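Student: just coords:
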């Protein structure tokens, strides 16, 4: 593909020639991907199918319905299954192309290949803003899935479902998709289609959250298990949604853990910038809600710096415990927070600001009168201050005593943390994390049986293949993250 | 209404209806919930207890609805057991007519549960049964009989099975059950019931398939009814077809059934015949009895053996060069090397009756001492296997003359040889003789003689279940001699093979705990395994008991018992047990035996084995490695499986000598009878064997392995394969036993001879109603070179010192030139022409003579007639380079060749059993009037016959001249 393009760049071409050349290249690429799919089906090897799917986004930009229709015509064999041939004709219809007559020379179309064509058509329609037709086509494709269940279909189908949901979302009636997604989830669970199941779970969570049905979303998550070996992209999204749900439901420590993991699982490249920004926004707030101050370095990352500016200021306000500054920030960026759907969470922070203030006071002063606290924190009355300090003491934010008679707060002696078992626990937590990470990476490594022998015998071939792979990866430039930029658009 | 439901975002309002006092409201709530379970199951599942309470409330009218809702919720939660029990509680509301995922899953789960409950024998819920019944009915209505049969067999519902068989295409379904299902049933009891049912269904036809029935009956071990059927078939001697099929049945029975069974059938035939004869007239008797006697002869195995012997002898293509070379390279003074050559020779010539090698290498032979002498003598038994008529004559020189013994090792070996000749076909005479021998010889060397006699008795009386033999063997066992006791223990196992005879087992177990001789315990553990052969679940209690023993040798017994009881079943439990033992037991012997056992259990599905043992074959433990090699060899024997070869090839370079040995043997098993064209690795492997033998520094054990592998890969003059299953797909019990005992050569070399029992001739032998072999030909639609014999190894030509070219002086050259010119002048003369011609003739003569000689070389030891036949065949081979070629009667048909073989349409002879292209095939003469052209048997029918017709002697071969092993010179 791209190397072909490179070769043609040299020569000056007329626009017509250029167009013809583009078409030729597109045809070639499509045919090659279909070949990958067919090989994957024949060998029931999922990685071939992944390989075909990896280039989907690159193809998306230069997709031409005529070319696609031409290739589909090559698969209109009379010996196709009925569902497949129906599906093919509705793809053509959606693309606005002529339906070819079934010819005996055509190749038999596997359901996977048919779904692949469907996926490309979905992309085309999405880009052409033909949401109505796209939704119709998606319905046909999804209906076909319920009749055919194969392991090799898994990856293709999960993407089809993504765009299915996407069409409903952009056309504004996402709730209509919910019933079907729930049914599909059950089907995928029974058929053990892991990737599809993972995709459907994230789509459903998104669906619920779109309508702020956090309760339903939480129940769904509690009653289902996310497939352990789902792709990282999906896992990251799932963790993000979980983090948000938990944050809303006051379960901050869980939320923090999930969000942190989401930041780590998400591929760190430009394609997923939107996702990373969004996760970090929530993460910062959850950290603040937990009484921690997020690290400064987060706000320095280039892709995060600008969008996280309001959150940075928020953090500063909380850190200092300056209520006035906090309220100023909230007022200034209210629109922004609303857009990010975090205003509820931000408002909860007020309490934290006060707590942070109390803490810094208790550290700075060994004894301070309630009146001074009142002034420092801009509180309304001494009584208020007393209540708030009492609450802080009970919550373990500070270690101090209130002398009600004389009206002052006396901080307890500061413990030497290193004399306690606290550092030990901290170490333990970190070590456990590292060990888990190690175990997971060991588990996810795959050694195909007996392959080492083959590798030895055909070492040269293996090296050649490796090069080819590397080359391809370079060219494709991370477009395996199909979901990333779609998310980018809508977040 | 539906629009209202669609708009719902939460089911909490509906759930709260359940808390109402009013029954009506609760019902309404349930009905609404039932409609929305797919969307709100997550929410409803939080209040599942409320729904359950409603279901348990007896007074609630709609409790079934509550059950249905609860069932659906549990289904979504993935708790299928709970879901099923509630679905059953829902009664009629749970409708099978729906094609939803929910119903589908529930029905599947119900069937699984039903099968589990039925097979464990526990009580089955009537409601569950009703669901399954409904499912079965729906299968009947859609004519999915194979599915019904599957459910019926697994859930042990014979009534359903019978109904299914009768409602569909009965013949096809019967064959399906017989061939594909019966062997997978793990309970012997159920298997018997199914077989009985099959016979019952078969009998409903007017013209039933007697062959299939007899196969069932042989498995049921019902000799009376088999005999009845045979009698029925041969009653009317005018009906040639029926008589032919009786013969075919008899041949098949002989191949598939145990010795015990065939003997019982013969006895039954006798008694039934007597009853009939009384009624019938005297004249007919003679005619009748000839047919009967033929059937009896076939059943007793005499006919098959004769035909096989004939085949093996006629087609013998042994390459003596291989053997000679190995013999030269191996130091015969070392007993392991001597043994290796003995076995290689025995295997190469197994059943061919060709013992030239021994005759040619008398000096080598004389170096055998003690037990290698025993093996060497026993090798005669392997070579002459099946020559039951001449068994005694052949061995006369070695058998002890009187009650005193002169050379105990060779005499003991001769006893064993006698047993091998009569393997599985022990005539009364032989058995009585060997039994006597057990008692007669006492004294100093008696245990060696008894060792031989016990092994002989066990081999000859294999699977006969004779109490008398058992008693004699037990007496020997109780004498507590390590040598004779070991053989007696093995022989006990062989005699009682597959009988599960309780008393014998008890005796063996008790004695195994009593004796101090490890040899005896080990042999008993093998013997116990043999007694449990093919008993599947019946062996489980014994296996459990033995597994808990502290004595590793008894645990070894457990391994052998699993191996033999589940041989060829592919039973998952047995595999799991063996795999567990293979990695967890502390004794290497047990690990090795356990891995080897996998090969036996999976011998019907060889494609599974390479995957299973792949990791084991790379184990750190060499015993596990050698075990996995043997497992591959045994299960993939004769298949040429590429996956297996890929695992075994690197093992040929293993650092441990006995792993190399095991890998060599396994490769030989796998590549037996294959040539370069079919499997390109053959040449490499053969070369590798030769290399190992040539390498001076190679370990003795590796060399031993390579040498006997050379024997195995070219076994039986290349006309036999390892047939652990018969051509009908039945388990070949003697072959399996032989293979198990062969693996015991690890402990005791002479046991390697038992491999001869696993050799099955790969022959096409067509016989007509007189059991003569007509001259016929079949077509094989494949390239001939795929099935050709491997080429002979070239004798390394020793370069004779060549004459140094004499210098030619210019003068002599000149003289020569003038002479030549003169000669050419003369050549124009007519007179000189004749002289030239003469010269030409004389020059060409030696050439043709030479070529003849070379072809004679090939046929060394066979008659000139055989040579002539070969010559004509060679020309056929040359012309048949295209895709199809003709295969004549009594020639080799390889197992993988069978699928290309075809009976030509419109030929004179038609097989009785359609499509059968290997083994003994009875053919029907479509034009009985015309004179027939027969292929003469080259093994003499009897010496008497030969004397009467001296002319014929040329064509027949008398038993080879007895020759004596030159042992005595070495006798100490």
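Tutor: Noted; the coordinates are in hand. The model shown is predicted, which means the values in this text are computed figures rather than measured ones.

Student: what's the domain layout of chain B?
Tutor: B:12-256, B:762-790+B:868-935 (automatic domain parsing).

Student: what is the end-to-end distance of the longest one?
Tutor: Its first and final residues considered, domain B:12-256 spans 70 Å by Cα to Cα, to the nearest Å.

Student: what residues of the longest helix seen in chain A count as buried?
Tutor: Determined from DSSP state H, the single longest helix within chain A is helix A:15-43. By neighbour count on 16 or more other Cβ atoms under 10 Å in any protein chain shown, the buried set for helix A:15-43 is A:21-22, A:25-26, A:29-30, A:33-34, A:36-38, A:40-41. C-beta here means a position set from N, CA and C on the backbone, and glycine is covered the same way.

Student: follow-up on the earlier one: nearest to chain A, out of the domains of chain B?
Tutor: domain B:12-256 (4.0 Å; Cβ to the nearest Cβ).

Student: wait, residue B:376 sits on residue B:342?
Tutor: Yes - counting by Cβ atoms under 8 Å, residue B:342 is a contact partner of residue B:376 at 4.9 Å.

Student: overlap of the contact sets of those two?
Tutor: residue B:368 (Cβ atoms under 8 Å, 6 or more residues apart in numbering or on different chains).

Student: which residues of chain B fall in strands?
Tutor: B:720-722, B:759-761, B:763-767, B:773-774, B:777-780, B:885-888, B:891-892, B:901-902, B:909-911, B:919-925, B:934-935 (DSSP state E).

Student: what would the ones you listed look like in JSON lines with mean neighbour count?
Tutor: Listed next are those as JSON lines, based on neighbours: other Cβ atoms under 10 Å in any protein chain shown:
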{"stretch": "strand B:720-722", "mean neighbour count": "27"}
{"stretch": "strand B:759-761", "mean neighbour count": "26"}
{"stretch": "strand B:763-767", "mean neighbour count": "24"}
{"stretch": "strand B:773-774", "mean neighbour count": "20"}
{"stretch": "strand B:777-780", "mean neighbour count": "20"}
{"stretch": "strand B:885-888", "mean neighbour count": "18"}
{"stretch": "strand B:891-892", "mean neighbour count": "21"}
{"stretch": "strand B:901-902", "mean neighbour count": "16"}
{"stretch": "strand B:909-911", "mean neighbour count": "19"}
{"stretch": "strand B:919-925", "mean neighbour count": "22"}
{"stretch": "strand B:934-935", "mean neighbour count": "16"}
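
Student: list the contacts of the residue nearest the centre of chain B.
Tutor: The centre of chain B sits closest to residue B:724, judged by Cα atoms, centre = their mean, with a distance of 1.0 Å. Contact analysis of residue B:724 by Cβ under 8 Å, 6+ apart lists B:568, B:600, B:603, B:634, B:637, B:731-732, B:735-736, B:739, B:758.

Student: ok, and the most crowded of the residues you listed?
Tutor: residue B:634 (31 neighbours; other Cβ atoms under 10 Å in any protein chain shown).

Student: contacting residues around the closest residue to it other than its chain neighbours?
Tutor: Residue nearest to residue B:634 in three dimensions, not counting chain neighbours: residue B:599, with 3.4 Å by Cβ to Cβ, 6 or more residues apart in numbering or on different chains. Applying Cβ under 8 Å, 6+ apart to residue B:599 gives the contacts B:609, B:630-635.
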